[in-house]
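[1] Got a predicted model here, sequence first, then my questions.
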Amino acid sequence: MNTSQEFISIQRQVLSTLIQHPHLFGRYAEKIRLVYFTEPAFKQLLLVMRSLNQAYATFDLHLLRNELKKESEEANLVLVDEMANEIAEQADLEIKLNALKEYTTRKMFFELGETLFNKSMDSDIPVADLQTTLSNCMQVLSGMQSVGNTESLKEILNRIKISSESDESYTWFDSNLQAHLGSIESGELIVIGARPGIGKTAFLHTQLLHLASHHQAPVGYINIIENERALIAKLLKASGEDLTKAENENLSLNGKTWPIYLCSNLGGTQLKDIKNAANFLKYKYDIKVLAIDCFQQITYQSKMNYRDYELGMVVQELKKIAKELDIAILLTSQLNRSAERRGYVAIPMLCDLKETGYLEEVADKVLLLHRYAYYGINVYEDGTPTGNDSNVLIAKNKYGKSGKVLLSFDSKLGKFLPKAQPLPMVFEFPANRLTDLE
């Protein structure tokens, strides 16, 4: 492949990536130049993308195709459909744009040198014209240097207004959790931590069912440990359905269609596999929330010596995915045994998150689950039975208050249920303590 063909191939790959991941257009708008694209069809596609991004702050394949239909660009419609089905690596976009910039710059210098050489020996051409030619070329080259995507405050507010009008606020399944945590917002990384057997996955399933049934919000689910059939059985059980009955009724779930999309075809447990799955779920189903169970099973890349650093890289990349795909990520994490060494009650703390300290640093919200019955504590100090009481300890909350919320765990259904909160203890002091003492 010669240099020119390679250059055209990279142009096509960049456009394929932007078509499949249109949310990246705004992020790289300042780095994408029309001069990088040599083919007329490529230039036309880029101009349409730019106009859609300016009008709607974002765009998708549907909007892009509609705009091309308006302009009767049948050839470009075929081209877009081809690009939408090509393999496009989101992580390579920065590298490809840098390659386009370098090639275009070298090409411009070559053409400038050739032009000046041909004109410089012609005595009929004034030297001032040569200087003007050089100056114009240098201005174009200076304009190719990215200075960042700068916006005025008014433009930012308008963009936020447009996005907020189209987005729905997603709530928690329990009103007390909602009062503490607030709504689930796109771009958030929410960690659910607990010791094995306390109910991390059950808590995750309860929340996913709430999002799917109450909000009809499309949610993606990546479970690295369990197979698809076992997950479906647990989800149906938590919803009060039976797997055999649901199969006989063609998974109608009493006439309800719940937009929960399981990704069971992961190529492996590396972060790049999780990224590919997240991109696929976002592109095909436009998911609003992505659940990942379990964090400690993810590897950044093979043969890394320091597990703490490796998981730190993973959690930082997951936060980037949440921002870039405009989704919220619910992530389950194991806890270490530190809580059990502190005392028989074994109340977990933020520092108990297993194998990495990056989770508590990067996560927006951290929920820690605790059940007294799990540790054989069957009665409270006042003699009241603990039963199925479960505490959700809000150890970190960037945008709200921390605290403790009491829930009930139904072990038969494998789900969490709302529970009346205990009344706060109130101390009443006498108005005149001295009189009381006399």
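    It's in. Residues are numbered from 1 along each chain as shown.
[2] mind checking how far A84 is from P22?
    For A84, the distance to P22 (Cβ to Cβ, to the nearest Å) stands at 11 Å. In this view, the C-beta of every residue, glycine as well, is placed from N, C-alpha and C.
[3] overlap in contacts of those two?
    Residues within reach of A84 and of P22 at once, by Cβ atoms under 8 Å, 6 or more residues apart in numbering, are L61.
[4] Comparing these two, which residue is more hemmed in?
    A direct count of neighbours by other Cβ atoms under 10 Å for A84 and P22 places P22 higher, at 19 against 15.
[5] Chain neighbours aside, what residue packs nearest to that one?
    In space, and not counting its chain neighbours, P22 is closest to F59: 5.1 Å by Cβ to Cβ, 6 or more residues apart in numbering.
[6] E317 now?
    Nearest to E317 is L271, by Cβ to Cβ, 6+ apart, at 5.7 Å.
[7] what about the one you found, how many neighbours?
    So L271, with other Cβ under 10 Å, has 20 neighbours.
[8] Quick one: residues contacting it.
    For L271, the contacting residues are I298, T299, Y300, Q301, M313, V314, E317, L318, by Cβ under 8 Å, 6+ apart.
[9] Distance-wise, check it relative to D352.
    Counting by Cβ to Cβ, the separation of L271 from D352 is 24 Å.
[10] What of Q131?
    Computed with Cβ to Cβ, the distance linking Q131 and D352 is 69 Å.
[11] which of those two has more neighbours?
    Each of Q131 and D352 has its neighbours counted (other Cβ under 10 Å); D352 has more, 23 against 10.
[12] on that earlier part again, just the ones of the contacts of L271 in helices?
    If you go by DSSP state H, the contacts of L271 have M313, V314, E317, L318 in helices.
[13] of those, closest to S186?
    Nearest to S186 out of the ones in helices among the contacts of L271 is L318 (Cβ to Cβ; 14.0 Å).
[14] Quick check: pLDDT value at the residue nearest to E317.
    Predicted confidence (pLDDT) for L271: 87.
[15] For it, what are phi and psi?
    L271 adopts backbone torsions of phi -60, psi -40, taken as degrees, to the nearest 10.
[16] Any regions of the stretch 1-150 of the chain where pLDDT drops low?
    1-3, 56-58, 91, 142-150 (pLDDT under 70).
[17] Apply 80 and report the result again.
    Scanning the stretch 1-150 of the chain for pLDDT under 80 picks out 1-4, 23, 26-31, 53-62, 71-74, 87-92, 121, 123, 136-150.
[18] which stretches of it form helices?
    Listed in chain order, the helices of the stretch 1-150 of the chain (DSSP state H, counting those that start in this stretch) span residues 3-20, 23-28, 40-56, 61-70, 74-84, 93-120, 127-143.
[19] Just say which of the ones you listed is most tucked in.
    Mean neighbour count, computed with mean count of other Cβ atoms under 10 Å, is highest for helix 3-20 among the helices of the stretch 1-150 of the chain, reaching a mean of 18.
[20] the domain parsing of this protein - what is it?
    Using automatic domain parsing, the domain parsing of the chain gives 3-143, 168-418.
[21] between the ones you listed, which gets nearest to K154?
    K154 lies closest, by Cβ to Cβ, to one member of the domains of the chain: domain 3-143, at 13.7 Å.
[22] Could you tell me which residues make contact with the closest residue to I184 other than its chain neighbours?
    Computed as Cβ to Cβ, 6+ apart, the closest residue to I184 that is not its neighbour in sequence is Y170, at 4.3 Å. The contact partners of Y170, by Cβ under 8 Å, 6+ apart, come to S183, I184, L211, H215, A217, K288, V289, A328.
[23] and the residue nearest to Y375 when sequence neighbours are not counted, how far is that from P385?
    Nearest non-adjacent residue to Y375, counting by Cβ to Cβ, 6+ apart: A346, 5.4 Å away. According to Cβ to Cβ, A346 and P385 sit 19 Å apart.
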